[in-house]
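Trainee: Sequence and predicted structure below; questions after.
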Amino acid sequence: MTVLPDDGLSLAAEFPDATHEQWQRLVEGVLRKSGKELSGAAAEDALSTMLEDGLRTRPLYTARDSAPDPGLPGFAPFVRGSRPEGAITSGWDVRQRHTTLADGAADAVLADLENGGTSLWLALGEGGIPLSGLGRALDGVYLDLAPVVLDAGRDTQAAAEALFELYEQKDVDPKAARGNLGGDPLGYEARTGTALDFAPFAALAARCAERYLGLRALTVDALPYHEAGGSAAQELGASLATGVAYLRELTEAGLTVEQAAGQLEFRYAATADQFLTIAKLRAARRLWARVTEVCGAPGAQVQHVVTSPVMMSRRDPWVNMLRTTVATLAAGVGGADSVTVLPFDHALGLPDAFARRIARNTSTILIEESHLARVIDPAGGSWYVERLTDELAEAAWQFFRSVERDGGQAAVLRSGRLRTDLATTWAERSKKLAKRREPITGVSEFPLLAEKPVDRAPAPEPPSGGLPRVRRDEAFEELRARSDAHLAATGARPRIFLATIGSAAEYTARSTFAANLFQAGGIEPVTGGRFEDSGATEAVLCSSDALYAEQAGQTAAALRAAGARHVFLAGRGDHPGIDSYVFAGCDAVDVLSATLDRMGVS
C-alpha cells in the first residue's frame with residue numbers, strides 16, 4: 001500500500017498551474033457552441049455583466065485585479081471597518097424604526113428593546129409620532145442604555161428640546177446619552193422641496209459637542225436619493241456632497257473640523273444585491289476618510305444602514321423576508337455600525353407584531369446563530385469585492401466632484417440637476433425591470449395570483465413634495481391593480497389560453513415561461529380543454545421551433561375560428577396567423593398592458 005504524504009498538496013503540485021489564456025480558450029469553445037465567434041478578452045467580456053454607473057462584473061477575478069491597499073480595520077482609509085475590533089464584541093446595533101403610537105405601538109417600543117433591539121429610531125412630527133408623544137414613546141426606556149435616534153425634519157429643534165427635557169426628568173447623565181438628533185436640512189429639502197435655515201442645526205451640534213458627547217446632531221441621509229431611483233455611486237456621491245456642505249456650515253459656526261465631523265452619522269440603503277451593498281459601505285468609508293483627511297481631521301464614518309424600501313414588494317410580501325435577510329447580511333459584512341431591518345409588510349402599512357419580531361430576529365440570527373460578527377471584514381481580500389469597492393469608489397468620487405463643480409448639494413437640488421440625474425438612472429433601470437432582466441420574485445417572476453392579500457392599517461404619510469419615491473414593483477403593481485378591479489367587478493380575472501402543441505417535453509419550457517409572464521400582469525393562464533370553454537379572448541402557442549414550423553399556422557387558424565382575437569407565439573419567429581410573439585427579454589410591461597387593453601380591462 002502506498003502511503004501518501006500528509007501535506008495534502010503533492011497531488012495538485014504535479015499539475016502545472018492553469019493560465020488565464022488557457023481559461024479564455026475554454027470560454028471561446030463554449031461560446032462557439034452557441035454561435036458566437038469571439039476570442040481572448042472579447043470572449044471574457046461576453047460573460048461579463050454590466051451594472052449601473054458603468055461598472056462591470058467580470059466572470060473571473062485573479063490576483064492581477066489589483067486594488068488600493070484597504071488598510072487594517074480601524075485605521076485609515078477605514079475600508080475594512082471603522083473600529084479595530086469590528087463588531088466582534090457585541091455585533092452591530094439593531095435599530096428599530098417607529099412612526100406611530102396608535103394601536104399599542106407604544107408597547108412595541110419596549111417589545112423591540114426587550115427582544116433583541118438595541119436602539120430606537122423615532123419618526124416625529126410631520127408623518128410620524130406627535131412631538132407631544134415623545135415622552136409616551138420612551139416611557140419605560142432606560143435612556144442611559146438605549147440610544148435614541150430622532151427623525152423630525154423641520155421639527156428637529158423642538159424634538160431635540162423634548163429629548164433633552166426627558167434626559168433631565170429621568171436624571172440621565174449627559175455623558176451617558178447616546179444617539180442622534182437627526183438634523184438633516186438638505187435631506188429634508190430633498191424629500192419636500194423646502195429649504196431650512198441651518199442655524200438651529202448648527203446650534204444643536206455645538207450643544208452636543210459641548211455637553212452631550214455621545215449624541216450626534218446631524219444625519220447625512222442618502223435614502224432620499226436611493227428612493228428616487230439613484231444608483232449606488234449617485235447615493236454615495238450625494239452623501240459626500242451633503243457631508244461636505246455640513247462640514248462647511250458647522251466650521252463657519254465655530255466648531256472645529258474634528259468636532260464637526262464628529263456630529264455626522266451617514267445613512268445608506270442595503271439591497272438584496274449583497275456584493276454591491278458590501279462594496280458600497282466599504283467605498284463610503286474610504287471616500288469619507290479622504291474628505292476628512294483633506295480637511296485636516298482624518299476620521300472614520302459612522303454608518304446606519306436600512307434595508308431598501310425600493311426593493312420591498314407589495315405582492316407576495318413574504319418574499320421580502322428573504323430580501324431583507326440578504327440585505328442585512330450584506331450590511332453586516334460591509335461593516336455597518338447600525339442596521340434597521342424594515343418589516344416584510346413595510347410597503348403595505350403599519351407592521352404587525354409578527355413582522356416586527358421577524359425583522360429584529362433577522363439581525364439576531366445573523367449575529368448569534370450565523371456568527372457573522374465574529375470575523376472582521378469577512379469579504380476583505382476577495383479580488384472581486386476589493387476591485388468592485390475600488391471601481392465604485394471611483395465612480396462615486398466622480399459624481400461627487402461633478403456636484404461640487406455645480407455649486408454643491410444644495411445647488412444641484414434647487415436647480416433640478418440632481419432630480420434629472422436620478423430620473424435618468426431610474427428610467428434605464430425601469431427598462432430592465434420591464435423586460436424582467438432584473439427579476440422581482442413573486443411579482444415579475446413566479447407570481448401567485450391566488451395569494452390572499454395582506455391587510456395592514458395605513459401608515460402615516462411621509463413628507464413629500466421633493467424627489468419622488470420609486471419602487472421596483474410599481475409598473476407591475478399597476479397591471480395587477482387593473483386585474484384586481486376586473487376581478488371585483490366580474491368575479492373572474494382576465495384569462496389567456498395556452499395552446500400547447502406536442503408532448504410535455506416539447507411545450508413545458510415555453511408554457512411555463514408564458515404562464516409566468518401573463519400572471520405578472522394579473523392575467524390567469526388556462527391550459528387544457530377547448531378554447532371556447534376557457535373564458536379567454538387571447539391565446540398563446542407553446543411548443544418547440546420544429547413543431548411551430550409544422551403546425552403553428554393551422555393551430556392559429558383554428559384558435560381564430562374558435563373566437564381568439566389575438567394569437568401570440570411563445571418564442572421567436574414569423575408564422576402564418578401569428579399576430580406577435582413573446583420571448584425572454586421582451587418588454588413584458590408593454591405586452592401585458594396592451595393585452596389588458598384588448599381585453600377591455602381598464
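Mentor: Ah, there it is.
Trainee: what's in contact with stretch 511-529?
Mentor: 436, 443-449, 476, 479-480, 482-484, 486, 492-498, 500, 534-536, 540, 542, 568, 570, 582, 584, 588-589, 591-593, 595-596, 599 (C-beta atoms under 8 Å, 6 or more residues apart in numbering). (C-beta placed from N, C-alpha, C; glycine too.)
Trainee: The residue nearest in space to the middle of the chain: what's it in contact with?
Mentor: Taking C-alpha atoms, centre = their mean as the criterion, residue 271 is the residue nearest the geometric centre of the chain, at 3.0 Å. Contacts for residue 271 (C-beta under 8 Å, 6+ apart) come out as 277, 307-308, 310-311, 323, 327, 330.
Trainee: could you redo the last one with a cut-off of 10 Å?
Mentor: 226, 232, 277, 280, 307-308, 310-311, 323-324, 326-327, 330-331, 472 (C-beta atoms under 10 Å, 6 or more residues apart in numbering).
Trainee: Of the residues you listed, which is the most crowded?
Mentor: residue 331 (34 neighbours; other C-beta atoms under 10 Å).
Trainee: Quick check: that one touching residue 269?
Mentor: Yes - Residue 331 lies in contact with residue 269 (C-beta atoms under 10 Å); the separation is 9.4 Å.
Trainee: what sits in contact with each of these two?
Mentor: 277, 280, 305-307.
Trainee: ok so, going back, of the contacts of residue 271, closest to residue 420?
Mentor: Set against residue 420, the nearest of the contacts of residue 271 by C-beta to C-beta is residue 226 (16.6 Å).
Trainee: Pretty sure residue 64 sits in a strand.
Mentor: No - under DSSP: H, G, I helix; E, B strand; the rest coil, residue 64 sits outside any strand and is assigned coil.
Trainee: right, and residue 89 touches residue 373 too?
Mentor: Yes - at 8.6 Å, residue 89 counts as touching residue 373 under the criterion of C-beta under 10 Å.
Trainee: For whatever helix or strand residue 28 lives in, which helices and strands make contact with it?
Mentor: If you go by DSSP states H and E, residue 28 is part of helix 20-33. Under the contact criterion of 3 or more C-beta pairs under 10 Å, 6 or more residues apart in numbering; DSSP states H and E, helix 20-33 touches helix 41-46.
Trainee: Show me what the helix it packs on packs onto, helices and strands only.
Mentor: Going by 3+ C-beta pairs under 10 Å, 6+ apart, helix 41-46 lies up against helix 20-33.
Trainee: Can you list the buried residues in the helix it packs on?
Mentor: 24, 27-28, 31 (16 or more other C-beta atoms under 10 Å).
Trainee: just for the stretch 351-500 of the chain, where's the confidence low?
Mentor: Along the stretch 351-500 of the chain, no part satisfies pLDDT under 70.
Trainee: coming back round to it: residue 89 and residue 373: which is more packed in?
Mentor: Between residue 89 and residue 373, counted using other C-beta under 10 Å, residue 373 has the larger neighbour count: 20 against 8.
Trainee: Need the contact partners of the helix holding residue 28.
Mentor: 16, 18-19, 36-44, 46-47, 59-60, 62, 64.
Trainee: In helices, which of the shared contacts of residue 331 and residue 269 fall?
Mentor: Counting by DSSP state H, the shared contacts of residue 331 and residue 269 place 277, 280 in helices.
Trainee: mind putting the shared contacts of residue 331 and residue 269 in CSV, distance to residue 422 and pLDDT included?
Mentor: Shown next, in CSV, are the shared contacts of residue 331 and residue 269 (distance: C-beta to C-beta, whole Å; pLDDT from 0 to 100):
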residue, distance to residue 422, pLDDT
277, 19, 98
280, 16, 98
305, 20, 98
306, 18, 98
307, 20, 98
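Trainee: quick check, nearest of the shared contacts of residue 331 and residue 269 to residue 398?
Mentor: Closest to residue 398, out of all of those and judged by C-beta to C-beta, is residue 280, at 15.3 Å.
Trainee: Now do the end-to-end distance for stretch 429-444.
Mentor: End-to-end distance for stretch 429-444: 14 Å, by C-alpha to C-alpha, to the nearest Å.
Trainee: Show me what counts as buried in that stretch.
Mentor: Here stretch 429-444 shows 429-430, 433-436, 440, 442-444 as buried, counting by 16+ other C-beta under 10 Å.
Trainee: So which residues of the stretch 451-600 of the chain form helices?
Mentor: Taking DSSP state H, counting those that start in this stretch as the test, the helices found in the stretch 451-600 of the chain are 474-490, 504-519, 545-561, 588-598.
Trainee: Turn those into CSV, including mean neighbour count and distance to residue 222.
Mentor: As requested, these are arranged in CSV below (neighbours: other C-beta atoms under 10 Å; distance: least, C-beta to C-beta, whole Å):
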stretch, mean neighbour count, distance to residue 222
helix 474-490, 16, 21
helix 504-519, 19, 34
helix 545-561, 16, 48
helix 588-598, 18, 28
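Trainee: export these to CSV and tack on distance to residue 351?
Mentor: Below are these laid out as CSV (distance: least, C-beta to C-beta, whole Å):
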stretch, distance to residue 351
helix 474-490, 19
helix 504-519, 27
helix 545-561, 47
helix 588-598, 29
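Trainee: So which of these is nearest residue 135?
Mentor: Once those are compared by C-beta to C-beta, helix 474-490 is nearest, at 38.4 Å.
Trainee: Check for me that residue 155 belongs to a strand.
Mentor: No - Residue 155: not assigned to a strand; according to three-state DSSP it is helix.
Trainee: What confidence value was assigned to the residue lying closest to it once chain neighbours are set aside?
Mentor: Of all residues not flanking residue 155 in the chain, residue 125 sits nearest, at 3.5 Å (C-beta to C-beta, 6 or more residues apart in numbering). On pLDDT, residue 125 comes in at 92.
Trainee: show me the contacts for residue 125.
Mentor: Counting by C-beta under 10 Å, 6+ apart, residue 125 has contacts 131, 134, 150-156, 158-159, 463.
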